[in-house]
Each structure stands twice: as C-alpha cells, then as structure tokens.
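In: What follows is a predicted structure for the sequence shown.
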Amino acid sequence: TMLRTVSHLGRVRALGFSRARAASAIPVYSPRDGKVFTEIPDATVADVEVAVEAAASVQASGWSKADAVDQRAESLLGIAAALTERKDELAELESQDCGKPVSETAGDIQMCIDVFEYMAELAPKMLKPSPIALPDGDFRSSIVPAAAGVVGAITPWNYPLMQAAAKVAPALAAGCSVLLKPSPLASLTCLKLGEIGRENGLPEGALTVITGGPPDGKEGGADCLTNHPRLDLLSFTGSSAAGSALLHCSANKLRRSSLELGGKGALLVFEDASIDAAVDWAMVGIFSAAGQVCSATSRLLVHESIATELLKALEETTVALRVGDPKAEGTQMGPVISATQRDRIAAAVRKAEGEGVEVLVGGSGPPDVPGLEGGYYVKPTILNNVPVGSSAWCEEIFGPVLCVRTFKTEEEAVRLANDSPYGLGHAVLSADEARADRVAAQLDAGNVWVNCNQALWAQTPFGGWKASGFGFEYGEAGLHEYLRHKTVTSARQPGYSWKAYHG
C-alpha cells in the first residue's frame, strides 16, 4: 500500500500553492526490497517559476527583514517541536526511503531538532548591527546584517532531512526564502518538512520543496532550479563533479555558492592508541549509513607495529556486523540507496580484486544473508595493502569499503593522509595528546577528529577544503552563509563636505 501522506501529492501538497496544477509523478523505490512503495511529484519548469516568484515576494515583505527575526525564531522553534512530536514517524519514513536502520535515522532526526532550536536561539544575537571602533570621532559606523535573498538548496540522499535542516534552518533564521530541491531518490521527509513549516507560521514561498528530476523524472523540470537567474545563493551538498558543474553555472551569474562535496578521509592510528577504540572508530567511520557519508574515513592508516593486532580485531568485528533489512530488529547496516549505487560499489571492489588487492573481509558479491533478494545490499568490505596510486585508494567509492595501509613514521602518515584531492575530514587516534594535536594541525581538511570520529553538533561548523568544497554548515559560520552585510557610516554632526578636503 502506498503511503497516503505522500502519494498523489500534486503541487498543492508538495509546493503549497493553491494556484498550481497537479504534477506528474515519479516512483519511489524502497532500498530494502527494490519495490515501488509510493511516488513523488515531478516538478515542471512552470512549477519552478511559480515557486521562485513566491520566494522573491517573501523577500520583498517584512518577514525577511532583520527586525522580524523573533517572528522567524518562533517559527523555527515550532518546527523543532513538531519534529520532536513526530520523531518516530519521521525516523521510520526516513529509514524506508533511504535504507538506513531506524537506530541511525532516529539520531538524524534528533540532529534536525537540535539545528532548528540552535538557529532559533542564535539568529536574534547575530542579526543585530555591530558597531565599529573608528579613529575619527566625528563619525560612527556599524556592520548591518541582512538576508542573502532567495536560496536554492540542493540536498543529497544519504541524510535527507538532516542535510535539509542544515540549510533550511539557518537560511530561514537569516530571513532568506528557500527553494529546497532534495534528491529524487529520497525526498519524503523533506516533503514532510515543507508541511510542518507551513503549519508553524512560515508564509507562502518562505520554504518550497521542489521534487523530481532525473534519474526517473524528466530533465529540464525540477533540475532547472539551479539555472534560475533569480537565485541569490546556491547551497549544494553532493559529489565533487556535480558541485563543479554547479559552480560554473553560478560563476556565469556571479552568484554566491556554498558547496559541501566529496571526501576520501583518513583515520590515522598510532602505536599507542587503544586497539578497541581504534576498531570502534574505524567501524563508525566507514560502516555508518553503509559508508555513504561524504566525511567517511574510508582510508585506514595504521602504524606497522600494531597492524596485525588491529586488523585481526577489525576483521572479527566486521564479520560479525549484522547486515539486513533496516526494519528488522538488530540490523546494524542496511542497504545502499539504489541499484545503481550498489552496482557502482561492487564494480569498484571488483576492480580492486582484479588488481590483486587483498580482500580481508567482504568482496564484490552480495551479502550471504537470506531474505535480502531484490534489495540494494552490499558486503562490508576491507581491502588490505591497497596501492597508493590505485583507484580504490584515490577515488571516493561512497560505500562500506575500507582501504588499509601501514606507516612507519608520523611524517609518512601525514603525507599519505594529505595525498588526496579531497579535504573534508580526517581522524587521529593517539594516547600522546601533543602528537595528536601536532598531527591534526598538519592535516589538510576542514574537519579533524582527535581520539574520536564523525562527531558533530549543531554548534560545530562543518565544511571542506580542496576538492571537498567551501563554505560551512552548522554553527555560527553556518548562519553567516545566508547573510549579507552592509557598512553604514554616518556623521555625528552635519557639514562635513568638500570644504573639508579643500578648505
């Protein structure tokens, strides 16, 4: 039975515009069994035009101004309360849509709640004019924040609602109107967010969820949003290739952009690190969300003196990892998002196997678990002694595949970690605090975890270096992304004029 809450939505439910006609629909496949379980609207160019026009109208209203920040904060708190009330429902829907176990999606929904609450608290503090100390007492000057305008927010399928919240909450807090384009592979909880926003005081056009587009929807419909000339800012999370294409589009329009892109993170384990802790953080870094995490530490660099012991323990823990139906109790890793993604991961592992790389655990075949037929499941895999120049070592696989190498010295470990076009997240494990801090300072990444991995809060900025993008989400820096600033300078007394220069 299709979900009545999202099937046959039409434009009224999906976009919130009573004057828009119902759209065609595209199927939504469940990663757990590959079957269609609902459908979402496939937006047209006309739908996008209506949405952009409404978003621009909001920017011309008082709602977007700095002095309406308390009103917007109240709406954000209302959204957070509604997410809290519907947390179990949303976690179940997210699990069904993207394949992650409910134990993971429940944590994702909690992060969404935290972000909306945090931005509601932060915005009234940050949207006040900031005075500037001047050397000339005849003048006063201040920096005045304002909303960046109409925002196009493009989000991926691995953390559907959490990635949406990372963009929507600060953008609304700043006074922007948001056109949210989630991945057509996982849009359901984002549609719910649109409904919740309207129920909590957001004016029409402040938050519009535009669904559809390739691979199952038509080209030139929902995906035309990124080319729209009335977008003031584009915020994108996804692959580096797609981010590069979008940046070219923004460059032609001289449009601000924020890009959170791919990664090939490294976990550096030194000889004094706890073996148990290293196994635990390695598992977190590569098998959470079935490895479909941009900041995943998919490369493991371990000191040669502890490699045998660590890899034995890691192999045992990985073999015991429970891969299965995300709805089944006890499942630790569910399917990946789609058949295409499953096949891409399998092809990467198969290529490594063909190159003679040692497969410590897993492999390119499907998991040896009964009852998973039809779903998009892959084996958690560990590749050992992976050559530095190989595709498995250099390219983002975006799946549960860990590539292992040993190192002899601290300098070698840092060099191997940094020898990547990406720079999103690395982690360091060492009992020597001075060494851990020294290594962290040398790593070329926007995020470095010391004696932990993948730790993130609403208060901590998250962004990449190098080919992993630029700009921030979360924290004060995340709110800054959606603000413009003007400098207002005024004379304390009239009469300062041409004569002051030529008197």
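Out: Structure received.
In: got the buried residues for the helix or strand harbouring residue 58?
Out: According to DSSP states H and E, residue 58 maps onto helix 45-59. Using 16 or more other Cβ atoms under 10 Å as the test for burial, helix 45-59 gives 47, 48, 50, 51, 52, 54, 55, 56, 58, 59. C-beta coordinates here come from the backbone N, C-alpha and C atoms, glycine included.
In: ok, those vs residue 160, which is closest?
Out: When these are ranked by distance to residue 160 (Cβ to Cβ), residue 51 comes first, at 19.2 Å.
In: Leaving out sequence neighbours, find the closest residue to that closest one.
Out: Excluding its sequence neighbours, the residue lying closest to residue 51 (Cβ to Cβ, 6 or more residues apart in numbering) is residue 208, at 4.4 Å.
In: Repeat that for residue 168.
Out: The spatial neighbour of residue 168 that comes closest, neighbours along the chain excluded (Cβ to Cβ, 6+ apart), is residue 178 at 5.4 Å.
In: Which parts of the stretch 151-300 of the chain are helices?
Out: 160-174, 188-199, 240-252, 275-287 (DSSP state H, counting those that start in this stretch).
In: And those: which comes nearest residue 420?
Out: Nearest of those (Cβ to Cβ): helix 240-252, 11.6 Å.
In: picking that back up, quick check: bridge partners of the residue nearest to residue 168?
Out: Beta-bridge pairing for residue 178 (DSSP bridges): residue 151, residue 207.
In: How about the contacts made by it?
Out: 55, 151, 153, 167, 168, 171, 172, 206, 207, 208 (Cβ atoms under 8 Å, 6 or more residues apart in numbering).
In: try residue 416
Out: Contact analysis of residue 416 by Cβ under 8 Å, 6+ apart lists 266, 299, 301, 388, 405, 407.
In: how far does whichever strand or helix holds it sit from the chain's center?
Out: Using DSSP H and E, residue 416 sits within helix 410-418. Put simply, helix 410-418 sits 27 Å off its chain's centre (Cα atoms, centre = their mean, to the nearest Å).
In: tell me which residues of it are tucked away?
Out: For helix 410-418, a neighbour-count test (16+ other Cβ under 10 Å) marks 410, 413, 414, 416, 417 as buried.
In: try stretch 160-180
Out: Using 16+ other Cβ under 10 Å as the test for burial, stretch 160-180 gives 160-180.
In: do the same with stretch 436-447
Out: In terms of neighbour count (16+ other Cβ under 10 Å), stretch 436-447 has its buried residues at 436, 439, 440, 442, 443, 444, 445, 446, 447.
In: Please report how far the third one lies from residue 412.
Out: As for residue 440, its distance to residue 412 is 16 Å (criterion: Cβ to Cβ, to the nearest Å).
In: what does the last one give?
Out: Computed with Cβ to Cβ, the distance linking residue 447 and residue 412 is 22 Å.
In: residues contacting residue 139?
Out: Counted by Cβ under 8 Å, 6+ apart, residue 139 has contacts 489, 490, 491, 492.
In: out of those residues, which are inside strands?
Out: Among those, the members falling in strands (DSSP state E) are 489, 490, 491.
In: Among those residues, which one is most surrounded by other residues?
Out: residue 491 (12 neighbours; other Cβ atoms under 10 Å).
In: what's the neighbour count on residue 35?
Out: With other Cβ under 10 Å as criterion, residue 35 counts 11.
In: Tell me, how many residues neighbour the nearest residue to residue 284 once chain neighbours are set aside?
Out: Among residues not flanking residue 284 along the chain, residue 453 sits closest, at 5.1 Å (Cβ to Cβ, 6+ apart). Using other Cβ under 10 Å, the number of residues around residue 453 comes to 26.
In: and if you look at residue 276?
Out: Residue 276 has 11 neighbours, counted by other Cβ under 10 Å.
In: What separation do you get for it and residue 283?
Out: Taking Cβ to Cβ as the measure, residue 276 falls 11 Å from residue 283.
In: likewise residue 150?
Out: 42 Å.
In: End to end on stretch 227-243, go ahead and measure it.
Out: The straight-line separation of the ends of stretch 227-243 (Cα to Cα, to the nearest Å) is 13 Å.
In: Correction: the previous question concerned stretch 200-212.
Out: Using Cα to Cα, the end-to-end distance of stretch 200-212 comes to 25 Å.
In: With stretch 211-230 instead?
Out: This stretch, stretch 211-230, spans 19 Å end to end (Cα to Cα).
In: Now that stretch: average pLDDT?
Out: On average, the pLDDT along stretch 211-230 is 86.
In: and it, how far from the chain's centre?
Out: Distance, stretch centre to chain centre, for stretch 211-230: 20 Å (Cα atoms, centre = their mean).
In: buried stuff in that stretch?
Out: For stretch 211-230, burial by neighbour count (16+ other Cβ under 10 Å) applies to 211-213, 216-218, 221-226, 228.
In: any chance you could map the strands in the stretch 351-500 of the chain?
Out: For the stretch 351-500 of the chain, the strands defined by DSSP state E, counting those that start in this stretch cover 358-361, 381-384, 401-407, 422-423, 425-429, 447-450, 465-466, 469-470, 483-491.
In: Cool, thanks, signing off.
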